[in-house]
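Enquirer: Quick one: sequence plus predicted model below, questions after.
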Amino acid sequence: MKVKTCIYIVTGALSICVLAVILFIVSSSRDTRLRFTVIDDVSGGWVWDAMVRIKDRYLVLYYQSDNGPLEQVFTGLEPGEAVLTVSAPAYRSREIPVTLNKGDNGLDGPVRMIGYEIPGLSEIFVRTEIKDGTLFLNPRPIDAEGRGIGEHPCLPMWFGLRISVQVKNGIPVVEPVESGSGRGEELFRGTLEAEWDMHPDTYYRYSLQVPASAIKKHNAPYRVYDYIIVFPIPGKMTKEELDAEMEPVMRLDKLESIKNILDGMGDRVDYFISASWNQTAS
């Protein structure tokens with residue numbers, strides 16, 4: 001009886017050990033994790049409405065934080081070869097092969113998503129404000145129904161600005177004028193670099209500024225602002241190439257001549273030329 005009892009005890013202990021090993025192997029394999037970050041290639045910020053998939057798992061990323069994208073993690077994965085797929089509206093999709101080992105896994109760097117358009121873009125509205133001696137400009141994408149577009153890729157923006165005295169019949173206007181105005185003496189001409197605001201609650205994602213010291217002084221009370229806004233199409237023209245081509249264009253005096261050159265760039269760019277009249281001097 002004692003021998004049988006010992007056999008039962010040993011057998012039971014072995015069974016427990018085997019079960020423990022099996023549970024350890026299963027739990028270890030299911031504890032495989034993949035850490036990654038998804039960012040906009042231009043701004044380095046979060047990518048709106050990104051869908052991330054690996055095997056039978058997926059995550060949907062919207063606003064991730066006030067300060068930028070957060071590290072994401074897939075847990076409970078099976079070790080082995082896999083493909084991480086990332087897609088988002090108006091971005092090129094990415095497929096990244098990964099080898100998943102037991103435990104923690106990570107990518108060599110963030111998944112950089114390249115935006116190719118602002119969905120539904122029909123025109124650009126520019127808000128202006130003079131504050132503390134600085135002219136602030138906020139371009140806002142607008143759709144065909146006149147609504148602002150808030151969630152979109154950060155496309156590289158080339159922004160040209162001209163500021164002129166607003167005149168009528170050759171004389172500076174002294175009050176807002178609905179029609180018949182023209183451009184008098186030019187007070188500023190230049191290109192501005194846009195900054196990107198990734199805060200979830202922001203209304204204007206693009207912002208630019210001109211110090212008052214860069215604008216020629218004039219006692220006329222009203223100005224006209226002319227905007228030339230150009231987006232290079234990814235894969236067809238880089239921002240650097242656009243900068244080089246637009247440098248001599250900004251020296252042209254007639255806006256119609258600028259329009260003709262931009263038309264000649266064909267499908268390599270999207271552009272908008274507009275004006276804000278009756279802008280106060282201060």
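Expert: Looks like it arrived, so ask away. Residues are numbered from 1 along each chain as shown.
Enquirer: only C-alpha atoms for contact and neighbour calcs from this point on.
Expert: OK.
Enquirer: now the stretch 51-200 of the chain, which segments are flagged as low pLDDT?
Expert: Residues of the stretch 51-200 of the chain meeting the criterion pLDDT under 70: none.
Enquirer: Bridged to the closest residue to residue 214 other than its chain neighbours, which residues?
Expert: Excluding the flanking residues, the one nearest residue 214 by C-alpha to C-alpha, 6 or more residues apart in numbering is residue 188, at 7.2 Å. On the basis of DSSP bridges, residue 188 is bridged to residue 163.
Enquirer: Which residues are in contact with residue 188?
Expert: Listed by C-alpha atoms under 8 Å, 6 or more residues apart in numbering, the contact set of residue 188 reads 161-164, 214-216.
Enquirer: Give me the distance between it and residue 250.
Expert: 12 Å (C-alpha to C-alpha, to the nearest Å).
Enquirer: buried subset of the contacts of residue 188?
Expert: Neighbour-count burial (16 or more other C-alpha atoms under 10 Å) is assigned, among the contacts of residue 188, to 161-164, 215.
Enquirer: is it true that residue 208 touches residue 195?
Expert: Yes. Between residue 208 and residue 195 a contact is recorded at 6.4 Å, counting by C-alpha atoms under 8 Å.
Enquirer: The contacts of residue 188 into JSON lines, with extra columns for distance to residue 171?
Expert: Below are those laid out as JSON lines (distance: C-alpha to C-alpha, whole Å):
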{"residue": "161", "distance to residue 171": "23"}
{"residue": "162", "distance to residue 171": "19"}
{"residue": "163", "distance to residue 171": "16"}
{"residue": "164", "distance to residue 171": "13"}
{"residue": "214", "distance to residue 171": "24"}
{"residue": "215", "distance to residue 171": "20"}
{"residue": "216", "distance to residue 171": "18"}
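Enquirer: Please consider this matter closed, and thank you.
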